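[1] Next input, structure requested:
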Amino acid sequence: MNPKRLVIAIIAVFLGIWVTDFLIHGLWLQDTYKATMSLWRTEKEMQGHMGWLMLGQFLAAATFVVLWARGFAEKACIVCAVMYGLFMGLFHSANTLITYAVQPLPGDLAVKWIVAGVAQAVLLGLLVFFVYKPAPKVNGAAE
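    Residues are numbered from 1 along each chain as shown. Next up is the predicted model:
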């Protein structure tokens, strides 16, 4: 593993999550959230929980990058990165379906979360592919 690139990739993916989450939830789905306000915390409550949200995004970024670095980066190609992102997005979407089953969410919101989540994960797969590089090999072994 390449510790320096690992840290850089975690930061890059964390920023990627933050930016894409803002685009998805802060802009694209804003009207949907306003129409379903009874399902969500108030704006003040959400601000009070922002640290938890950021921690969750950081945990997702770290997990995403470490799994890539330990299992896929060594023989990675762009197609591998897209497939990694696709399957990570589908894995995350399972939770969306479970949430839809137990919480009174509009069906179109669940579909939008799934579509956006898979697209986001594919983009993050490409990002980690371009940012994280395995440690160089010396005499056939990684440093």
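[2] Quick check, Ile114 in contact with Thr96.
    Yes. Between Ile114 and Thr96 there is a contact under C-beta atoms under 8 Å: 5.4 Å. Where C-beta positions appear, they are placed from N, C-alpha and C, glycine not excepted.
[3] Report the contact partners of the spatially closest residue to Ala12 that is not a sequence neighbour.
    Nearest residue to Ala12, sequence neighbours excluded (C-beta to C-beta, 6 or more residues apart in numbering): Val131, at 4.6 Å. Going by C-beta atoms under 8 Å, 6 or more residues apart in numbering, Val131 touches 5, 8-9, 12-13.
[4] low pLDDT regions in the chain?
    Applying pLDDT under 70 to the chain flags residues 138-143.
[5] What ranges does it have for its helices?
    Ranges of helices in the chain, per DSSP state H, are 3-21, 30-35, 43-48, 50-71, 78-102, 107-131.
[6] Need the CA coordinates for the fourth one. PDB is fine.
    Extracted as PDB, the C-alpha positions of helix 50-71 are listed here (Å, rounded to 0.1, in the frame of the first residue of the first chain):
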ATOM      1  CA  MET A  50     -23.600  18.300  10.800                       C
ATOM      2  CA  GLY A  51     -20.600  16.800  12.500                       C
ATOM      3  CA  TRP A  52     -22.200  13.300  12.400                       C
ATOM      4  CA  LEU A  53     -22.900  13.800   8.700                       C
ATOM      5  CA  MET A  54     -19.300  14.800   8.000                       C
ATOM      6  CA  LEU A  55     -18.100  11.800  10.000                       C
ATOM      7  CA  GLY A  56     -20.300   9.500   8.000                       C
ATOM      8  CA  GLN A  57     -19.000  10.900   4.800                       C
ATOM      9  CA  PHE A  58     -15.400  10.600   6.000                       C
ATOM     10  CA  LEU A  59     -16.000   7.000   7.100                       C
ATOM     11  CA  ALA A  60     -17.500   6.200   3.600                       C
ATOM     12  CA  ALA A  61     -14.500   7.800   1.900                       C
ATOM     13  CA  ALA A  62     -11.900   6.000   4.000                       C
ATOM     14  CA  THR A  63     -13.700   2.600   3.600                       C
ATOM     15  CA  PHE A  64     -14.100   3.100  -0.200                       C
ATOM     16  CA  VAL A  65     -10.400   4.000  -0.700                       C
ATOM     17  CA  VAL A  66      -9.000   1.300   1.600                       C
ATOM     18  CA  LEU A  67     -11.000  -1.400  -0.100                       C
ATOM     19  CA  TRP A  68      -9.800  -0.100  -3.500                       C
ATOM     20  CA  ALA A  69      -6.200   0.000  -2.300                       C
ATOM     21  CA  ARG A  70      -6.200  -3.400  -0.700                       C
ATOM     22  CA  GLY A  71      -8.200  -5.300  -3.300                       C
END
